[in-house]
Each structure stands twice: as structure tokens, then as C-alpha cells.
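# here you go, sequence then predicted model.
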Amino acid sequence: MTVTLSDTPVLATERLTLRAPVAEDWPYWCDFALSDRARFVRSTEPSEANAWRAFGHMIGHWVLRGYGMFVVTRRGGDVPLGAAGPWYPAGWAEREIGWTLWSEEAEGQGIATEAARASRTFAYDTLGWTTAVSYIHPDNAASVAVAERLGASRDGSAETAGDDTRVYRHPAPEVLA
């Protein structure tokens with residue numbers, strides 16, 4: 001039996017589908033969360049228990065906020081490549097557009113940029129956000145490059161997410177129009 005989040009939008013881009021997380025995504029997320037690839041997004045020691053809690057956080061965000069990280073797949077397929085979406089956990093200073101690629105094979109193809117752009121458009125056009133940031137670890141050059149391709153720039157005066165991140169501010173919706 002497959003249980004899904006009800007009333008969750010599905011976004012489509014030229015190459016990608018962005019959908020709600022489902023139980024079948026767990027092994028892909030867990031493999032990512034236990035790998036060194038997750039070093040910039042995890043705040044705890046890598047373990048299956050911590051990966052489980054983080055995956056539950058991703059699903060629970062949809063229930064608590066009505067939006068959250070979409071799982072990114074290629075159009076016409078259902079293998080998770082990563083996640084991207086609007087993100088605003090309790091205690092964070094600002095609403096974020098976040099992204100992760102769960103497999104190395106998905107890198108270097110513009111997937112994170114395409115998914116993050118669709119997520120930002122959703123946040124601005126559907127959720128009514130007027131601003132958004134991305135919290136990025138300074139050593140995460142790949143994510144800094146994605147933020148810059150999206151037109152985001154470093155905002156040294158903004159409050160961070162409480163860790164070693166830097167804040168990249170996205171252009172306002174009216175600038176993108």
C-alpha cells in the first residue's frame with residue numbers, strides 16, 4: 001500500500017517532475033544522508049536513525065506548513081534525483097529555497113538549478129512569498145554556483161540559520177517578472 005500526502009501540488013519543468021515525498025523515496029534519501037555528499041545539509045552525526053528523523057522532517061513540513069521540499073525526478077520516471085523546494089522550519093530567520101542532489105550521477109546537468117527555479121516560482125506565485133534566501137555552507141561551491149545561476153547574491157547582513165551557513169538572497173518576484 002502506498003500512502004501519499006493529499007492535496008500536494010506536482011510541478012513540471014521541461015525535464016523534471018517535482019512531487020511530494022513518498023515512502024519509496026526513503027532508501028534513496030537514506031543512502032544520501034549516510035554519505036559524505038550530505039555533509040553540508042545534515043546537522044547531526046550520520047546514522048540511519050538521524051536520516052529517518054530528517055526524512056520525517058521533510059514529510060512533516062508539508063503537513064505543518066502546507067508546502068515543503070519536493071522530490072525531484074526526471075519527467076516520465078520516478079527515481080528520486082534529489083529534493084528542492086520552499087523550506088521554513090520553526091526557528092529559522094527567513095523562508096528558504098533549498099535543494100539537494102541525492103546522487104552524484106545527477107550533478108552537472110542543471111537539475112538543481114531547474115528544480116530550484118521551479119520551486120522559487122511556486123513560492124512566489126502560489127505561496128505569495130515576497131522574498132527568499134538560501135542558506136549555504138561556505139565550502140559548498142556547487143550550491144553557491146546554483147544560487148548565483150538563480151540570480152541570488154550574498155547577503156552578509158541577514159541572519160543565518162544558526163550554523164556555519166551564509167545567506168544568499170534571491171531576486172524579488174517583481175525583479176524576475
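Perfect, thanks for sending it.
# flag every buried residue along whichever helix in the chain runs longest.
Taking residue count as the measure and DSSP state H as the definition, the longest helix of the chain comes out as helix 48-65. Applying a neighbour-count criterion of 16 or more other CB atoms under 10 Å, the buried positions in helix 48-65 are 51, 54-55, 58-59, 61-62. Just so you know, the C-beta spots here come from the backbone N, C-alpha and C atoms, and that holds for glycine as well.
# one more: stretch 73-86?
Applying a neighbour-count criterion of 16+ other CB under 10 Å, one finds 73, 80-86 buried in stretch 73-86.
# narrow the residues you listed to those in strands?
Counted as lying in strands by DSSP state E, out of the buried residues of stretch 73-86, are 73, 82-86.
# any regions of this structure where pLDDT drops low?
Within the chain, the set of residues satisfying pLDDT under 70 comprises 1-4, 162-163.
# what are the ranges of the helices in it?
With DSSP H as the criterion, the chain has helices spanning 26-34, 48-65, 111-125, 141-149, 173-176.
# which one of those lies closest to Leu5?
Of all the helices of the chain, helix 48-65 sits nearest to Leu5, with 5.2 Å by CB to CB.
# what's the longest helix of the chain packed up against?
Identification of packing neighbours for helix 48-65 by 3 or more CB pairs under 8 Å, 6 or more residues apart in numbering; DSSP states H and E yields helix 26-34.
# output the helix it packs on in CSV with nothing but the alpha carbons.
Extracted C-alpha coordinates of helix 26-34, given in CSV (Å, rounded to 0.1, in the frame of the first residue of the first chain):
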residue,chain,number,x,y,z
TRP,A,26,13.3,6.5,1.8
PRO,A,27,16.2,4.3,0.5
TYR,A,28,17.4,7.0,-1.8
TRP,A,29,17.3,9.6,0.9
CYS,A,30,18.9,7.3,3.4
ASP,A,31,21.8,6.4,1.1
PHE,A,32,22.3,10.2,0.5
ALA,A,33,22.0,11.1,4.2
LEU,A,34,24.6,8.5,5.2
